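# Quick one, what's the 3D model for this:
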Amino acid sequence: MSTRAVKTPAKKKKPRPSDPHPVGKAGEVRIIGGQWKRTKLVVAPKPGLRPTPDRVRETLFNWLGQDLGGWRCVDAFAGSGALGFEAASRGAAEVQLCEQDPALVAQLKTTQAKLQASAVQVLRGDGVAALRQLASGSVDLVLLDPPFDSDLYAPALAAAAAALQPAGFVYLEAPTPWTDALLAPLGLRLHRSLKAGAVHAHLLQLLGTAP
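Reported below is the predicted structural model:
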């Protein structure tokens, strides 16, 4: 009786651990609304860089309203710039993107030039320090997405509260929920929140403002 050689199934090549976008991710996110809707933003292969998911960004700007015309915004830990460029796409008058990493700063400036985003200013530096330099009550929206393993949350929130105008908002992403008990000493209160995977997203307002 003849025997046939049995072929073993070819093993699927596993993504290398060093690949930050191993499955279907081309290193980009899309702006989801406004004048640059569907425009792709490059996501650099940096450890810990995690752009805000589409679903979360969509919910955030639903909360804020689709039109941010005239708003003054600061994205204090800009990274890919997904949050800040999204705000500018929706009509914000001024958007300041703060980032420390020089490669990310260069990419943000490239995107700014590509979009001809005249309302966007890219600054290299510490996000908390940039917030502390703002005049009291001068900002409508502060976007905070610090590294999850950092100790920047409390100082960033306190600095954001000091810069916020009375009817303004702070958006915060964190690995754990921030409750009113934690926020009150920093002058803030929870307005809305959601959880998406490992991300806890919060929309905050100044303590004492009407819900």
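
# Spit out the contact partners of the residue most central in space within the chain.
The residue lying closest to the centre of the chain (Cα atoms, centre = their mean) is residue 83, at 4.3 Å. Residue 83 makes contacts with 52, 57, 60, 75, 143, 145, 171, as judged by Cβ atoms under 8 Å, 6 or more residues apart in numbering. To be clear about C-beta, it is placed using only N, CA and C from the backbone, and glycine gets the same treatment.

# next one: residue 59
Residue 59 neighbours (Cβ under 8 Å, 6+ apart): 194, 201.

# picking that back up, quick check: the gap between the residue nearest to the centre of the chain and residue 194.
According to Cβ to Cβ, to the nearest Å, residue 83 and residue 194 sit 15 Å apart.

# how long is stretch 90-104 end to end?
23 Å (Cα to Cα, to the nearest Å).

# Let me see the mean pLDDT of that stretch.
What stretch 90-104 shows for mean pLDDT is 96.

# Any regions of this structure where pLDDT drops low?
Residue ranges of the chain with pLDDT under 70: 1-26, 47-48.

# C-terminal to the longest strand along the chain, which secondary structure element comes first?
Using DSSP state E, we find that the single longest strand of the chain is strand 164-174. Downstream of strand 164-174, the next assigned helix or strand under DSSP states H and E is helix 180-183.

# Give me the buried positions along that following helix.
Buried residues in helix 180-183, defined by neighbour count with 16 or more other Cβ atoms under 10 Å: residue 183.

# Please list the residues outside that helix that contact it.
157, 189-190, 204, 207.

# Same check on stretch 197-205?
52-53, 56, 59-60, 63-64, 148, 157, 167-178, 183, 188-195.

# Please apply the same query to stretch 109-127.
Under the contact criterion Cβ under 8 Å, 6+ apart, stretch 109-127 has outside partners 36, 39, 41-42, 76-78, 81, 84-85, 88, 92-100, 102, 105, 108, 130, 144, 146, 152, 156.

# If we use 7 Å, what do you get?
Stretch 109-127 has contacts (Cβ atoms under 7 Å, 6 or more residues apart in numbering) with 36, 39, 41, 76-77, 81, 84-85, 88, 92-100, 102, 105, 108, 130, 156.

# What's the PyMOL line that selects buried ones from the residues you listed?
Those of the contacts of stretch 109-127 that count as buried under 16+ other Cβ under 10 Å are selected in PyMOL with:
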select buried, resi 36+39+41+76+77+81+84+85+88+92+94+95+96+97+98+99+105+108+130+156
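
# Perfect, I'm done here.
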